[in-house]
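> any chance you can model this:
(one chain, ligands or ions: 3)
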Amino acid sequence: MKQNESMVLPRVGVLGGGQLGRMLVEAANRLNLHVSILDRGEGAPAKQLAAHDQHVDGNFQDSDKIRELASQVDILTVEIEHVNVSELIRLKQENPNLRIHPSPRTIKIIQDKFEQKRHLNANGVPLPAFQEVKSPEELKEAGKQFGYPLMLKAKKMAYDGRGNAVVRNEADIAQAWQSLCSTTANSTASQLYVEQWVPFAKELAVMVVRGRDGAVKSYPVVETVQRDNICHLVLAPAQIDGTLAARAKKIAETAIISLDGAGVFGVEMFLMEDGGLLLNEIAPRPHNSGHYTIEACETSQFENHLRAILGRPLGSTALKVGAAGMVNILGNGDERETMLPCVTALTVDGATIHAYGKHECRKGRKMGHITVVGQSMTQVRNRLRPILAAIKPGGN
Ligand code: ATP
Ligand code: MG
Ligand code: MG
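Ligands and ions are numbered 1, 2, ... in the order given. Take a look at the predicted model:
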């Protein structure tokens, strides 16, 4: 950093103040960057780490609150895609000097999973077959075409599998339809689409970082294991051959190059038994599958997100250890029990504990994670074993 630049470091505003914002602030603090957070919670995880009074208490859907945040900063970014994107588009039109990364246009495409799929399909990215369904009758027709099981998905506001319903046969249709119409924010029929069931052998993910100049770098391909649709475990690097890993990176990079704006993106993929790869979805922000980069890579996904949106050179995405594993700590309703794996991790070499500072330990809530590094995947698996054994039922 040139000396005069350090005098005028841009102020960054983040929509959302959960664990992703918190780890972004951790990286920003080392770089002496000023970060303001917009989040409903006064003591939100991200706000806890940035000691100043320029945070905004409010919803990231609220236009006035977004404007209040924008008025204090030079650059806006997001830690969640479910924000009021129309307001971001208006703000950018009114004030071309305000930088917003990734671009509101990209956030708009990604926050609607059906639009995201249409965009990726048009850009030649391999995807499971998908189709909009406006009524249970249309879903029945899709069943005849795609076969069962089917995955019915909400287009918007989806996370941690909330917004997905498995349809095992025709008899499931009514119930699956009802379950999504009642849980999704907007219960009109045009809010759902259906995907062919993917009998994947493994799930993979690739973090891709894109600079303001459009150049991309990808992190190692990782394996992710979901339980009940929520990320449970990440293993880095994925235990797959090099040619396959190169293909996965290529697909991830092609997908990200088709979108505007800088920052890190999480790309989720399915690996088929025959070696085929299909993209599942993209997150326009730091991603759970990239938490391991804090301890295991030369530059973490959080630091690289900041570098990217600020137009600075991107850091190396290479692994600096032999292998790494990350396990999520999910709430089971009892905070002491939930955090037991962290107590075990204190006795495990190579383990780093991240507790997110969330006050309510609700069932299924992401309360923290533990990363374990080692010289090899065998060593990482051995080190993970006691930590995984300490997870109580009802949590992960
Ligand atoms: P996230 O928290 O990652 O944003 P989400 O709510 O957007 O999750 P998806 O990523 O669409 O949900 O799906 C969650 C999980 O459900 C996937 O990781 C995968 O395990 C499973 N899944 C999703 N789509 C399919 C499919 N078409 N066939 C089989 N399994 C699927
Ligand atoms: Mg998603
Ligand atoms: Mg997902």
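
> how far away is the closest residue to Ala283 other than its chain neighbours from Leu279?
Spatially, and ignoring its direct neighbours in sequence, Ala283 is nearest to Gly266 (4.0 Å; Cβ to Cβ, 6 or more residues apart in numbering). Placement of C-beta: from N, CA and C, glycine included. Going from Gly266 to Leu279 by Cβ to Cβ, to the nearest Å gives 11 Å.

> paired strands for the strand or helix carrying His232, with orientation please.
Secondary structure from DSSP states H and E places His232 in strand 230-236. Paired strands of strand 230-236, with direction, are strand 222-227 (antiparallel), strand 323-330 (antiparallel) (DSSP bridges).

> with mean pLDDT added, can I get those strands in a markdown table?
Formatted as a markdown table, the strands paired with strand 230-236 follow (pLDDT from 0 to 100):
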| stretch | mean pLDDT |
| --- | --- |
| strand 222-227 | 96 |
| strand 323-330 | 98 |
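
> taking these together, which one is wrapped up most tightly?
strand 323-330 (a mean of 26; mean count of other Cβ atoms under 10 Å).

> is it anywhere near ligand 1?
No - taking Cβ under 6 Å from any ligand atom as the criterion, strand 323-330 and ligand 1 are apart, separated by no less than 11.1 Å.

> what residues does the helix or strand following that strand touch?
Proceeding N to C from strand 323-330, the next assigned helix or strand is helix 335-338, under DSSP H and E. Here helix 335-338 makes contact (Cβ atoms under 8 Å, 6 or more residues apart in numbering) with Ile329, Leu330, Gly331, Asn332, Cys361, Met367, Lys392, Gly395.

> so the third one sits right up against Met367, yeah?
What that stands for is Gly331. Yes - if you go by Cβ atoms under 8 Å, Gly331 and Met367 touch, sitting 5.0 Å apart.

> circling back: reformat the strands paired with strand 230-236 as TSV; add distance to Pro10.
As requested, those are arranged in TSV below (distance: least, Cβ to Cβ, whole Å):
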stretch	distance to Pro10
strand 222-227	31
strand 323-330	30
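
> quick one: closest of those strands to ligand 3.
strand 222-227 (7.9 Å; Cβ to the ion).

> got the contact list for the closest one?
Looking at strand 222-227 with Cβ under 8 Å, 6+ apart, the contacting residues turn out to be 161, 202-206, 231-240, 268, 289, 292, 396.

> the stretch 1-150 of the chain against ligand 3: which residues are in contact?
Contact residues (Cβ under 5 Å from the ion) of the stretch 1-150 of the chain with ligand 3: there are none.

> how about the residues of the stretch 1-150 of the chain that lie near ligand 1?
The interface of the stretch 1-150 of the chain toward ligand 1, taken as Cβ under 6 Å from any ligand atom, is made up of Pro128.

> and the strands in the stretch 1-150 of the chain?
12-15, 35-39, 56-57, 75-78, 99-100, 130-132, 150-154 (DSSP state E, counting those that start in this stretch).

> okay, now the sheet partners of the last one, with direction.
I take that to be strand 150-154. strand 164-167 (antiparallel), strand 192-196 (antiparallel).

> got a list of what Glu26 touches?
Leu49, Phe302 are the contacts of Glu26 under Cβ under 8 Å, 6+ apart.
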